[in-house]
Each structure stands twice: as structure tokens, then as C-alpha cells.
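Student: mind looking at a prediction? Sequence and model below.
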Amino acid sequence: MTGSVQHTGAEAGERYEVFHTDCPARDVVDHVTSRWGVWVLISLRSNDLRFYELRESIRGISEKMLAQTLRALVQDGLVWRKVEPTTPPQVTYGLTEFGRDLGEPLTELFDRITRRLSPRSAG
């Protein structure tokens, strides 16, 4: 029995202590389930998008919050970022394999919720 040792790596067969406050997996969960993280992952599920396309697809997000959310998701390895050296630079984002893996159940959850909601009446 190993007790409550905090694992620092993801070696084969090793698991993180997710209930420990210093667990790096908790940061990833926090970023994925943040107010905007879920919407970024869902928006990127089908296509790679440029920054402005993401901003347009996620209603209500500010440029600052989108930039912060993308920075965290890129750092976590869920989203990749490609910069085209143009003026102004064109920045494209897409899901990594890890991001697609995590985004799949989020998309399924979103789809289940929207199927169960009654249609909104036009107002």
C-alpha cells in the first residue's frame, strides 16, 4: 500500500491522486469544466478554427477570456495552436488527440441535454 503519495508523472500504470490538492489532473479538469473551456472544446469538435471564428462561435465570451481559456487548454495539451507568419498573424486552433478524447463525452453530454430540452418558443 502506498499511502497518500502524490504522483508527479504519468508513468505506465500509474494513477494520479485526484483528490489531492496538488494533483496536476485537477488543473486539467478545472480548465475543461471552466465556464468557457467546455464551449471551446465543443466548438473545436468538428473543425479547426481561427481565433476570430472561435470568438464568433461562442456567444458571450470576451477576447480576453477566450485567450486565457485557449492558453490554459494549449498548456494542458488539449488544444494545439498554429501561427501563420502574416500581418496580422493568423492563429488557428484545433483539438489534439487528448482534446478529442476528452471532448467526446462533453459533446455527448451536450447532445443529450439538447435532445431532452423542450424547444424554446420564439419570443
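Tutor: It's in. Residues are numbered from 1 along each chain as shown.
Student: any idea how far residue 85 lies from residue 78?
Tutor: Between residue 85 and residue 78 the distance, using C-beta to C-beta, to the nearest Å, works out to 25 Å. Just so you know, the C-beta spots here come from the backbone N, C-alpha and C atoms, and that holds for glycine as well.
Student: the more surrounded of these two?
Tutor: Between residue 85 and residue 78, residue 78 has the larger neighbour count (other C-beta atoms under 10 Å), namely 25 against 6.
Student: return the backbone torsion pair for that one.
Tutor: phi -90, psi -30 (degrees, to the nearest 10).
Student: ok, it - contacts?
Tutor: With contact set as C-beta atoms under 8 Å, 6 or more residues apart in numbering, residue 78 has these partners: 28, 31-32, 41, 95-96, 98-99, 102-103.
Student: out of those residues, list just those in strands.
Tutor: residue 95 (DSSP state E).
Student: for the contacts of residue 78, which PyMOL command selects only the ones that are buried?
Tutor: PyMOL command restricting those to the buried ones, with burial defined by 16 or more other C-beta atoms under 10 Å:
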select buried, resi 28+31+32+41+95+96+99+102+103
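Student: which of the contacts of residue 78 has the weakest pLDDT?
Tutor: Lowest pLDDT within those is found at residue 31 (76).
Student: where does pLDDT dip in this structure?
Tutor: 1-15, 120-123 (pLDDT under 70).
Student: which residues of it fall in helices?
Tutor: 24-32, 37-43, 51-57, 63-75, 97-116 (DSSP state H).
Student: so which of these is the most packed in?
Tutor: Of all those, helix 37-43 has the most neighbours on average by mean count of other C-beta atoms under 10 Å, namely a mean of 22.
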